[in-house]
Structure formats: C-alpha cells, structure tokens
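Peer 1: fold the following and give me the result.
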Amino acid sequence: MNTLFLALAYLKFHRLRSLILVLVAAMILSVPLVSQVLLDGARTSLTDRAEATPLVLGNRGSQLDLVMNALYFSDDRAEPVTMAASEEIWDAALAIPIPLNTAFETNGARIVGTTLDYFDFRDLVVADGRQLAVLGEAVLGAAVAERLGLGPGDTVVSAPQNLFDLDGVYPLELAIVGVLAPNGTPDDEAVFVDIATTWVISGIGHGHDGVVAADADTDVVVANAAIVEFNRITPENIDSFHFHGDPESYPVSGILVVPDDDRAGTILRGRYLDAANPFQIIVPQEVVGELVDRIFRIKSLLDAVTLIVGVAALAAVGLAVFLSYRLRAREMQTAFKLGARPGMILRLLASETIILLACAGLIAFGIVMAVQSSGDTIVAWLLAT
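Peer 2: Residues are numbered from 1 along each chain as shown. You can find the predicted model right below:
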C-alpha cells in the first residue's frame, strides 16, 4: 500500500508527463483492436447486404461500381440505364424490379429515388411521421435525421452530385414527412424520395411556380420576379408539374431485381449473358465476395505493418520510461540513503509502470467499446463515401 501511495503521488505530481504516456500507450493498444473491429464490421455489413440482394441490373461496365452504388449508395456510379430496362423485367413476369436513382445529394447525404417496393424489400419502417405519398416528399434515414437535427415538417434542398453535373439540374426543396427506424445499414445515411422526384431535380419534370401569364386573354407566358432560386412542390402547384419525353427513357442508376424464385432468377441471368446486350444482371454476393477476399489479403499486410509500428511505438514508450528512471537516479539514491531497500525501489518503479499501463488499458478498452457500439454507423458512413 505504501508503494502504491508513493507511485500515485509521483504520477500525480508529474501529471502532464504521465498523461502523455498514458494516451500514447492507449493509442498503441487500441489502434489494432479498432481496425479489427471496423474490418469485421465492414465484412459483415458488406456480405449481409449483398446476400440479401438477389440480383442487380445495370449497364455493362464495372460490376463493382454498379453493386457499390446500388447497395451502398457510394459516390462511384456506373453508367445509368433507363426505365426501359425496368419495364423489360416487368414484362418477363419473373421478378419485381426496384429502380434506383442516386444522382443527387443533400447536406452530404445521398438522395435515393426509388419506389415503395424498396421499403418492403429492405424491411424499412417509418419510426416518426409517415411514408412517402406525393411528389417532392422525403423520408430520412435515422443517421441523417440525427446528424442534421431534422424531422417531419422540416425541409432539405437537393444538390447535384458534383459541380460538373449542372446541366438541367435545379435545386429542389424536399418536404420531410418521415424518419426511418435505424437498422445499421447504408439506408440510415440516405434520404429517400419517389423516383419521379429525382427526375424533377434533373429537369425532366417541372412545374410553373413563379411563372405567370402576361395577359389573361392570351397564351403568352413570361417569368416574373416571383421566381425563386429553387423549386418548391406545394399543394397549390403540384398539379402543374409534368414530365417531358418517353417515360421509358428516364434515367435510373441501377435496378434491384427480386426474382419470384431461384428458377426465375436463373432464367433472367441467362437472358443477359449475351455480350451484345447493353444490360447486365449480376449477383451482388459474388462481386462483394471477391472484394472481401481482396480486402482480407491486404489485411494480413496491414497487420504486419501495425505490429511493426506497434513494437516501435512500445519501444519508444519504454525508452521514455527508462530515461525517466535514469533522470531519477539521484532521487533513488536519496531513497536508498533514507533506508529504502533495493526491492522497495524496484516495487515503486514497477507500481508506477503498472498504474500507467492499467490506465492506458482502460482508455483503450473504452475506445474499442465506443467504436464497437457505433460500428454499424461508422461502417455505413465509410461505405457511402
């Protein structure tokens, strides 16, 4: 007890140096554990969502880009297809197509235009407010709602995915009507709208808010100063919104395909094997499985690097402690002259080291637990960026 009392008193007196040593040791201990937690969480999140998605249809090209965008709403997008591809699936009467349009963002969150079938397919439940009903409404994922502090009755404004995607794109004010219950997937980080709403943002559909007739007796229409910087879809002007062109030509980023059974899925896959077909149907589980295998091949290298860096860092901490003890040589001599035995001095130094490592271990444990408790959210955010 006397040894512990003296060790605590010394560490308290040199609190700044002790704090630095504790934090450095805590980081050395926590980094490999945190990386392991995140990698395991990423593997689980990737594989679970891929296994729950039977098929994805898109343009021929990068299968990985198509899967990552359709399942995890990543920034990397494959070439968009059109609604004609969705109609082909409907006409085959073998599966339910769920189109997705992920071309736009708002406040750092992906706007996902889709149909109500998506909510049933992903088992998404509205925890606050109600489901989408009309054009211009939005339902927020749980993480987005919490981060922005928004809920039913609030609004968000859309933005193009990048500064070079401005042709025909007009910011649209979206009325938030609901917030989804959290489920630890990329859906928590998304803003869901009806797919037709994304076509309004892209300029395919529009209304006449802020545009008036120059003369009540003529058909001449002119713009006036009442035009606002972004579109608003309100009960007063929603009937004026309409779309131009063939609906089958409207763009979608990808299409989730839910076959009626395994046989129907096999038949559909066979119809898109021809390389001359501009569309492809892929199995997300196979694509993500290859990605996970590559990640965990790299992980072994990362583990080796982490081990080397960790050993070097521990050596640096040990050197700092050793130099600290050497600087205390006169202090140890004084203690010896006062009657302290060599064993007592060794126990004092050992107690200080054990206290430092114990504190570092507790902090590292807290960091790992914090990351593990919010690991799903962190992984979902990382996958979406």
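Peer 1: distance of Ala312 relative to Leu319?
Peer 2: 10 Å (CB to CB, to the nearest Å). The way it works is simple: take the backbone N, C-alpha and C, and place the C-beta from them, glycine included.
Peer 1: scratch that, Lys12 is what I was asking about
Peer 2: On the measure of CB to CB, Lys12 and Leu319 end up 23 Å apart.
Peer 1: please apply the same query to Pro284.
Peer 2: 50 Å.
Peer 1: now the strands for the stretch 1-150 of the chain?
Peer 2: Secondary structure of the stretch 1-150 of the chain (DSSP state E, counting those that start in this stretch): strands at 55-59, 81-82, 95-106, 109-114, 126-129, 137-140.
Peer 1: Val305: what secondary structure?
Peer 2: Of the three states, Val305 takes helix according to DSSP: H, G, I helix; E, B strand; the rest coil.
Peer 1: pLDDT value on the closest residue to Leu8 other than its chain neighbours, please?
Peer 2: For Leu8, ignoring the flanking residues on the chain, the nearest one in space by CB to CB, 6 or more residues apart in numbering is Ile355 at 6.8 Å. Ile355 carries a pLDDT value of 84.
Peer 1: follow-up on the earlier one: mind checking which of Pro284 and Leu319 has more residues around it?
Peer 2: Pro284 (24 against 10; other CB atoms under 10 Å).
Peer 1: burial measure for the spatially closest residue to the more buried one that is not a sequence neighbour, as a count.
Peer 2: Spatial nearest neighbour of Pro284, chain neighbours left out: Ala50 (4.1 Å); criterion: CB to CB, 6+ apart. Around Ala50 there are 21 other residues, counting by other CB under 10 Å.
Peer 1: Ala50 against Met68, yeah?
Peer 2: No - under the criterion of CB atoms under 8 Å, Ala50 is not in contact with Met68, lying 10.3 Å apart.
Peer 1: so who does Val56 touch?
Peer 2: By CB atoms under 8 Å, 6 or more residues apart in numbering, the contact list for Val56 reads 66-67, 70-71, 254-257, 281-282, 284.
Peer 1: return the closest of these with respect to Arg130.
Peer 2: Nearest to Arg130 among the contacts of Val56: Leu256, at 23.5 Å, using CB to CB.
Peer 1: surely that closest one is within a helix?
Peer 2: No - counting by three-state DSSP, Leu256 is located in no helix; its state is strand.
Peer 1: which residue, neighbours along the chain excluded, lies closest to Gly265?
Peer 2: Gly265 sits nearest to Pro259 (CB to CB, 6+ apart), 3.6 Å away.
Peer 1: is Val288 in contact with Leu46, as I believe?
Peer 2: Yes - the pair Val288 and Leu46 qualifies as a contact (CB under 8 Å) at a distance of 5.1 Å.
Peer 1: residue contacts, the closest residue to Leu140 other than its chain neighbours?
Peer 2: Nearest residue to Leu140, sequence neighbours excluded (CB to CB, 6+ apart): Val179, at 5.0 Å. Residues near Val179 by CB under 8 Å, 6+ apart: 126-129, 139-142, 145, 151-152.
Peer 1: touching, the residue nearest to Leu8 and Ala9? I think so.
Peer 2: No - the pair Ile355 and Ala9 fails to qualify as a contact (CB under 8 Å) at a distance of 11.1 Å.
Peer 1: which strands and helices sit next to the helix or strand that contains Leu291?
Peer 2: Leu291 is located in helix 284-327, with elements delineated by DSSP states H and E. Here helix 284-327 touches helix 15-51, helix 63-72, helix 342-373, going by 3 or more CB pairs under 8 Å, 6 or more residues apart in numbering; DSSP states H and E.
Peer 1: just to revisit the earlier point, for the residue nearest to Pro284, what are its contacts?
Peer 2: Counting by CB under 8 Å, 6+ apart, Ala50 has contacts 67, 71, 284-285, 287-289.
Peer 1: related to what we said a few turns ago, pick the one among the contacts of Val179 closest to Gly184.
Peer 2: Ala142 (9.2 Å).
Peer 1: with Leu291 as the reference, measure out to the closest one.
Peer 2: With CB to CB as the criterion, Ala142 and Leu291 are 26 Å apart.
Peer 1: the two: which has the busier surroundings?
Peer 2: Ala142 (20 against 17).
Peer 1: ok, for the more buried one, nearest residue in space, not its chain neighbours?
Peer 2: Nearest one to Ala142, counting by CB to CB, 6+ apart, is Pro182 at 3.6 Å.
Peer 1: one more: Ile204?
Peer 2: Nearest to Ile204 is Phe243, by CB to CB, 6+ apart, at 5.5 Å.
Peer 1: hmm, that neighbour is touching Gly205, no?
Peer 2: Yes - the pair Phe243 / Gly205 is scored as a contact, 4.1 Å apart, by CB under 8 Å.
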